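Undergrad: Turn this into a structure:
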Amino acid sequence: MNLHPVSISDLTHFTESAFQRVGLPLDHARTAADALVTTDAMGVFTHGTKLLAGYLRKLQGGGYRPDIAPRIEREGPGWAVVDGESALGQIGGDFAVLLAMSKARQVGIAYVGLRNTGHIGAAGYYAAVAARAGFIAMVTGNDIPSVCAPGSLGPVLGSNPIAYGVPVANGEPILLDMATAAVAGGKVYAAHQRGEPIPPTWLIGPDGKPTIDGSLYPGKASLAPMAGHKGYGFGLWCEILSGVLPGGHLTWQVGSWMFDEPSRPSWHNASFIVLDVETIAPRAEFDARLKTLIEEIHAAPTAEGVDRIFLPGEREWNSHRRAQREGIDLPLDVREKLKFAASLTGLSPAWLEVAQT
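TA: Presented below is the predicted three-dimensional model:
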């Protein structure tokens, strides 16, 4: 049985329509849909439209507010704190990164803290938005604890994401997006649902030792921090920039957008730091120096069986270009989640039916 790819336009139309069915205005529906579908097109299926049904439930239940926009609480020339007003995280994230870009154009670098927002999805999406506009960007987020610290018996921090984007002349940005856990929690869920084994480096059991039992997560097991104490340190950095500095909810104060009642906000937080290249360095010189660095990395000798060294984001941009030509090969678990989203909104797109060839 083979699943037919879905075109970017069809998936976008469905996602926009679903958001509108639960009260999002068209411009917000388009913003949120673009974030989810772009992430799918890049092959990051844990943070694309698989999240749609959960977001719809929060919007229907009132935990996320469809009828409101983020607002600036306080600001200066190179910084701002934004209250997301419990709107979708994609709405808050888009507002915050555009604000940071506007301020960076004026003073060279800007920080925007986004508090009281919904789950932001893929942090790299916002870094890419800024990088495609010519900025260097770093995005961080926080979440309810699911990741242990070295030596702890339970979770201490969320799988707090950190992402960066760097503009490349005549090409797609260098783009890194990673959880500060050894693996994103969504990958544990997906592997367990598919009956696949859990690697021993992913989870720490209730005894503080590695476990391969995916059924224990998240109730009785924690995600391991990426690279031990290094990932723990970066996770704490994300918590400080995203939650502590703008005055948002921290650690256990953050809600679970997946498991809490749909009527409960999740109080997520994020930070956006944007640098305007042209303010800080001559653009032609920056582009030339970056080109030299990229060519040096691409020309590095490779091990047997390895064709080339990839920059962060190259594989994802290759997937995005292929999706534009051929459509997106959505995994079965994503399609099942989209069927649930369709049932929540009364939509029935023909492409969502499983087809055999």
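Undergrad: in the one helix or strand residue 16 maps to, what counts as buried?
TA: Taking DSSP states H and E as the definition, one finds residue 16 inside helix 8-21. Neighbour-count burial for helix 8-21, counted by 16 or more other C-beta atoms under 10 Å, picks out 8, 10-12, 14-21. Every residue, glycine included, has its C-beta placed from N, CA and C.
Undergrad: quick one: contacts of it?
TA: Helix 8-21 has contacts (C-beta atoms under 8 Å, 6 or more residues apart in numbering) with 26, 28-30, 32-34, 36-37, 40-41, 49, 52, 55-56, 59, 66, 323-324, 327-328, 330, 338, 341-342, 344-347, 349, 351-352.
Undergrad: Of these, which belong to helices?
TA: 26, 28-30, 32-34, 36-37, 40-41, 52, 55-56, 59, 323-324, 338, 341-342, 344-345 (DSSP state H).
Undergrad: Give the helix, strand or coil label for residue 285.
TA: helix (DSSP: H, G, I helix; E, B strand; the rest coil).
Undergrad: nope, residue 275 is what I was after
TA: Residue 275 ends up strand, using three-state DSSP.
Undergrad: Distance check, it against residue 104.
TA: In this view, residue 275 and residue 104 are 6 Å apart by C-beta to C-beta, to the nearest Å.
Undergrad: hey, what's in contact with both of those two?
TA: residue 135.
Undergrad: So between those two, which is more surrounded?
TA: Between residue 275 and residue 104, counted using other C-beta atoms under 10 Å, the more crowded position is residue 104 (28 against 18).
Undergrad: ok so that one is a helix residue?
TA: Yes - Residue 104 forms part of a helix when assessed by three-state DSSP.
Undergrad: give me every residue that touches it.
TA: Residues counted as contacts of residue 104 (C-beta under 8 Å, 6+ apart) are 78, 110, 135, 274-276, 279.
Undergrad: Closest one of those residues to residue 94?
TA: Among those, residue 274 lies closest to residue 94 (C-beta to C-beta), at 13.3 Å.
Undergrad: Leaving out the residues flanking it, which one is nearest to the residue nearest the centre of the chain?
TA: For the chain, residue 122 is the residue whose C-alpha lies nearest the centre (C-alpha atoms, centre = their mean; 1.0 Å). Distance criterion C-beta to C-beta, 6 or more residues apart in numbering; nearest residue to residue 122, sequence neighbours excluded, is residue 47 at 4.1 Å.
Undergrad: Convert the C-alpha atoms of the least confident helix or strand in the chain by mean pLDDT to PDB, please.
TA: Across the helices and strands of the chain, the lowest-confidence element by mean pLDDT, DSSP states H and E is helix 185-193, at a mean of 84. These are the backbone C-alpha positions of helix 185-193, laid out as PDB (Å, rounded to 0.1, in the frame of the first residue of the first chain):
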ATOM      1  CA  GLY A 185       9.400  14.000  22.800                       C
ATOM      2  CA  GLY A 186       7.300  13.700  19.600                       C
ATOM      3  CA  LYS A 187       9.800  11.200  18.300                       C
ATOM      4  CA  VAL A 188       9.400   9.000  21.300                       C
ATOM      5  CA  TYR A 189       5.600   9.000  20.900                       C
ATOM      6  CA  ALA A 190       5.900   8.300  17.200                       C
ATOM      7  CA  ALA A 191       8.300   5.400  17.600                       C
ATOM      8  CA  HIS A 192       6.300   3.800  20.400                       C
ATOM      9  CA  GLN A 193       3.000   4.200  18.400                       C
END
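Undergrad: now the helices: where do they sit in the chain?
TA: Using DSSP H, helices in the chain cover 8-21, 26-41, 52-61, 89-107, 123-132, 185-193, 229-239, 277-280, 283-298, 314-326, 332-345.
Undergrad: among those helices, which is the most enclosed?
TA: Mean neighbour counts were compared across the helices of the chain using mean count of other C-beta atoms under 10 Å; the top stretch is helix 123-132, at a mean of 27.
Undergrad: Give the other helices and strands that it contacts.
TA: helix 26-41, helix 89-107, strand 135-141, strand 161-166, strand 174-179, strand 268-276 (3 or more C-beta pairs under 8 Å, 6 or more residues apart in numbering; DSSP states H and E).
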